[in-house]
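Undergrad: give me a model of this one.
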Amino acid sequence: MAAVMIVNGGCAPIVLSPVGEEPEEEPEEEPGGEPPSRSAIAVRFGDLLEDPFNRLVLMNGMQFQRLPHPDALALFFSDSVQECSQPLIGQEPDGLAPTPATYAFWQIAIFVPPELNRPGLIDLRDQRVTTYRAVWDPLRGYGTSLGSGAGYAIGGTAPRTLEIVSSDASSVSVKLYWGTPPWRIEFNDEPYKPDLDLGGDYRAAYCGDPPLPSPPLPGRAIPGAALATPPGGPTPDPDALHLFLGSAAESCADPWSPLACTGASRVTLSLPPAYQKPGILDLTDPTIAASFSFTYPASADCTAGEPISGVFAGGTIEILSIDASGVSCRLYGSHTVLTQGGFDADGLYTASSCP
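TA: Predicted coordinates for the structure are as follows:
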């Protein structure tokens with residue numbers, strides 16, 4: 001029977017019953033039992049595209065979404081065997097549908113952009129993160145997604161996270177928090193494995209060389225006494241240290257330069273003297289007045305040239321270090337839903353000091 005797959009994006013052993021057989025009662029496991037039978041592999045996304053078969057499968061599956069960066073970290077999780085040569089399980093050569101497998105499986109793939117590929121927590125709602133989700137059960141005769149939507153998903157709404165714990169030349173250790181998904185496969189009105197949590201601790205072996213993370217994102221740290229008043233804005237606090245973070249071409253002489261249809265983004269905030277030290281601050285704290293602006297690239301999506309601006313709905317900024325040379329900081333949980341889509345500024349930043 002042909003399959004239909006809709007894709008969106010610990011623990012006791014998982015045992016899936018053979019086709020046609022009723023599942024047996026699982027005995028209660030004693031503490032300290034064997035780890036679950038799950039697998040994980042990691043690969044540089046660009047290396048996947050070098051193989052003609054994988055390229056066809058991935059391009060067909062993602063034709064209506066943007067492709068991840070070639071240096072993105074591609075992580076594959078499943079309760080089945082995953083091969084480096086063909087990481088997506090059960091794909092036909094046309095890349096449009098899963099092969100009618102004789103066994104049940106689930107699979108998740110997460111594509112982490114270079115700027116987020118470093119130890120720390122990753123908010124999977126971030127629109128720069130792409131996910132793939134699939135489940136197949138031959139007893140029910142079709143596959144489906146673990147959530148809504150068609151094709152690969154960029155970002156999402158569920159509060160899921162991936163923590164990169166550590167990595168070396170051969171593997172990467174991660175903690176995945178996925179929760180219990182809303183399984184869409186049903187048979188005689190019974191959901192398929194409704195209590196299965198796909199999260200947990202995984203160690204993914206690299207298929208080839210690991211992708212390199214990008215350097216910290218740029219920024220400027222300017223004392224308020226040396227900062228010009230923004231167009232139409234209030235006079236800066238002379239005692240505060242003002243941070244300009246993001247992809248906009250910042251300069252000490254003109255940090256408020258217009259973004260105009262450049263496709264750039266800017267995060268601004270102020271650190272009063274009491275906050276000018278390592279620690280974690282809420283982006284919603286009115287004391288730091290954190291805000292963002294971004295524009296679309298020069299195209300049909302950007303006609304007026306006015307930036308889209310707003311304040312954060314949540315998230316934190318961690319000041320990692322601060323001295324005369326500048327500020328090293330990390331933003332997390334900055335995902336903000338807007339009528340124009342959304343905005344994400346998570347990542348590591350190095351804001352160099354201006355005299």
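
Undergrad: right, and residue 283 touches residue 330 too?
TA: No: with contact defined as C-beta atoms under 8 Å, residue 283 does not reach residue 330; the gap is 11.8 Å. All C-beta atoms are positioned from the backbone trio N, CA, C, and that covers glycine.

Undergrad: where do the contact lists of the two overlap?
TA: Between them, residue 283 and residue 330 have residue 317 as joint contacts when contacts are counted by C-beta atoms under 8 Å, 6 or more residues apart in numbering.

Undergrad: okay, these two: which has more neighbours?
TA: When residue 283 and residue 330 are compared on other C-beta atoms under 10 Å, the one with more neighbours turns out to be residue 283, at 23 against 18.

Undergrad: that one and residue 324: what is the separation?
TA: Here the criterion is C-beta to C-beta, to the nearest Å. By it, residue 283 lies 25 Å from residue 324.

Undergrad: swap in residue 104?
TA: Relative to residue 324, and taking C-beta to C-beta, residue 104 is found at 60 Å.

Undergrad: next one: residue 87
TA: When distances are taken as C-beta to C-beta, residue 87 and residue 324 turn out to be 47 Å apart.

Undergrad: low pLDDT regions in the stretch 1-150 of the chain?
TA: Per-residue confidence for the stretch 1-150 of the chain (pLDDT under 70) gives these ranges: 1-36, 57, 59-66, 90-103, 137-150.

Undergrad: all strands of it, in order?
TA: Listed from the start of the chain, the stretch 1-150 of the chain has strands (DSSP state E, counting those that start in this stretch) covering 39-44, 73-78, 105-112, 120-123, 130-137, 142-144.

Undergrad: looking at those, which is closest to residue 259?
TA: Between residue 259 and those, the shortest gap by C-beta to C-beta is with strand 120-123, which sits at 23.9 Å.

Undergrad: quick one: list the elements packing against that closest one.
TA: Counting contacts by 3 or more C-beta pairs under 8 Å, 6 or more residues apart in numbering; DSSP states H and E, strand 120-123 packs against strand 161-167, strand 326-332.

Undergrad: the one helix or strand residue 243 maps to vs strand 326-332, what angle?
TA: For residue 243, the enclosing helix or strand under DSSP states H and E is strand 241-245. With axes from the mean of the first three to the mean of the last three C-alpha atoms, to 10 degrees as the basis, strand 241-245 and strand 326-332 are set at 60 degrees to each other.

Undergrad: immediately after strand 241-245, which helix or strand?
TA: Counting by DSSP H and E, the element that comes right after strand 241-245 along the chain is strand 265-271.

Undergrad: other SSEs contacting the helix or strand just after that next one?
TA: Toward the C-terminal end, the helix or strand that comes next after strand 265-271 (DSSP H and E) is strand 279-282. Packing contacts for strand 279-282, counted by 3+ C-beta pairs under 8 Å, 6+ apart, involve strand 316-323.

Undergrad: so what strands line up beside the strand it packs on?
TA: With DSSP bridges as the criterion, the sheet partners recorded for strand 316-323 are strand 279-282 (antiparallel), strand 326-332 (antiparallel).

Undergrad: now those in a markdown table, with mean pLDDT?
TA: Putting the strands paired with strand 316-323 into a markdown table (pLDDT from 0 to 100) gives the following:
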| stretch | mean pLDDT |
| --- | --- |
| strand 279-282 | 97 |
| strand 326-332 | 96 |
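
Undergrad: quick one: closest of those strands to residue 259.
TA: Among the strands paired with strand 316-323, strand 326-332 sits nearest to residue 259 (C-beta to C-beta), with 18.5 Å.

Undergrad: contacts for that closest one?
TA: The contact list for strand 326-332 (C-beta under 8 Å, 6+ apart) reads 120-121, 123, 216, 219, 221, 241, 243, 245, 267, 271, 283, 315-322, 345-353.

Undergrad: list buried residues within those.
TA: Among those, those classed as buried by neighbour count (16 or more other C-beta atoms under 10 Å) are 120, 123, 216, 219, 221, 241, 243, 245, 267, 271, 283, 315-317, 319, 322, 345-351, 353.

Undergrad: bridging residues for residue 268?
TA: Taking DSSP bridges, one finds residue 244, residue 291 as the beta-bridge partners of residue 268.

Undergrad: so who does residue 204 touch?
TA: Listed by C-beta under 8 Å, 6+ apart, the contact set of residue 204 reads 40, 41, 42, 75, 76, 77, 171, 172, 173, 174.

Undergrad: try 6 Å this time
TA: For residue 204, the set of contacting residues under the criterion of C-beta atoms under 6 Å, 6 or more residues apart in numbering consists of 40, 41, 42, 75, 172.

Undergrad: and if you look at residue 109?
TA: If a contact means C-beta under 6 Å, 6+ apart, then residue 109 has 76, 132 as its contacts.

Undergrad: on that earlier part again, can I get the helices and strands packed on strand 120-123 in TSV including distance to residue 293?
TA: Written out in TSV, the entries for these read as follows (distance: least, C-beta to C-beta, whole Å):
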stretch	distance to residue 293
strand 161-167	27
strand 326-332	15
